[in-house]
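Asker: can you look at this prediction? I've put the sequence above it.
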Amino acid sequence: MLVTKIMLQNKFTGLGESPGVVGEYVDGKLNGLGTTHTHTGQYKDGRPCGYIIDDKNEIFSVTDDVAIKLITVLDNGDIWIGDEVGILVKLDGTTIIGHFGE
């Protein structure tokens with residue numbers, strides 16, 4: 001990996017790993033892309049920020065420590081895209097627009 005002047009100016013300390021964590025570090029905290037034992041995605045100051053995939057293959061948007069679930073894999077294998085209102089994608093490829101849990 002090429003380390004640029006901009007990366008050094010932003011205090012990039014490099015790729016690293018610790019028990020259960022691999023990612024980009026700035027000043028000893030995950031800052032950039034990283035993966036832990038429960039989440040993979042974007043981090044800022046050691047906390048999830050941006051888009052995160054959890055260990056259940058669910059995708060979240062995280063802003064100011066508020067996580068909004070965007071994609072949920074249901075127990076039967078169907079996929080729900082959205083929050084309370086969204087699209088259900090069934091295993092056979094059909095879709096239904098509606099409210100979660102209907």
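Answerer: Everything's here; your move. Numbering: from 1, shown residues only.
Asker: distance between stretch 37-44 and the chain's centre?
Answerer: Distance of stretch 37-44 from the chain centroid (C-alpha atoms, centre = their mean, to the nearest Å) equals 6 Å.
Asker: can you mark which positions in that stretch are buried?
Answerer: Residues 39, 40, 41, 42, 43 are the ones in stretch 37-44 that count as buried (16 or more other C-beta atoms under 10 Å). C-betas here are computed from N, CA, C, even on glycine.
Asker: adjacent strands (with direction) for the helix or strand where the fourth one lies?
Answerer: What it means is residue 42. Residue 42 is located in strand 39-44, with elements delineated by DSSP states H and E. Strand pairing for strand 39-44, determined by DSSP bridges: strand 29-35 (antiparallel), strand 47-54 (antiparallel).
Asker: run through who's touching the last one.
Answerer: Outside strand 47-54, the residues that touch it by C-beta atoms under 8 Å, 6 or more residues apart in numbering are 30, 38-44, 59-63, 65, 67.
Asker: from those, pick the one nearest residue 83.
Answerer: residue 61 (9.7 Å; C-beta to C-beta).
Asker: separation between the residue nearest the centre of the chain and residue 88?
Answerer: Nearest to the geometric centre of the chain sits residue 52, at 0.7 Å (C-alpha atoms, centre = their mean). For residue 52, the distance to residue 88 (C-beta to C-beta, to the nearest Å) stands at 22 Å.
Asker: helices along the chain, start to end?
Answerer: Assigned by DSSP state H, the helices in the chain fall at 5-9.
Asker: those strands in the protein, which residues are they?
Answerer: Using DSSP state E, the strands of the chain run over 12-18, 21-26, 29-35, 39-44, 47-54, 59-63, 66-73, 79-82, 85-89, 95-99.
Asker: pLDDT below threshold where in this structure?
Answerer: With pLDDT under 70 as the threshold, the chain has low-confidence stretches at 1-19, 101-102.
Asker: domain assignment for it?
Answerer: Per automatic domain parsing, the domain ranges recorded for the chain read 1-47, 56-102.
Asker: just say which of those is most tucked in.
Answerer: For the domains of the chain, average neighbour numbers computed from mean count of other C-beta atoms under 10 Å are highest in domain 1-47, which has a mean of 14.
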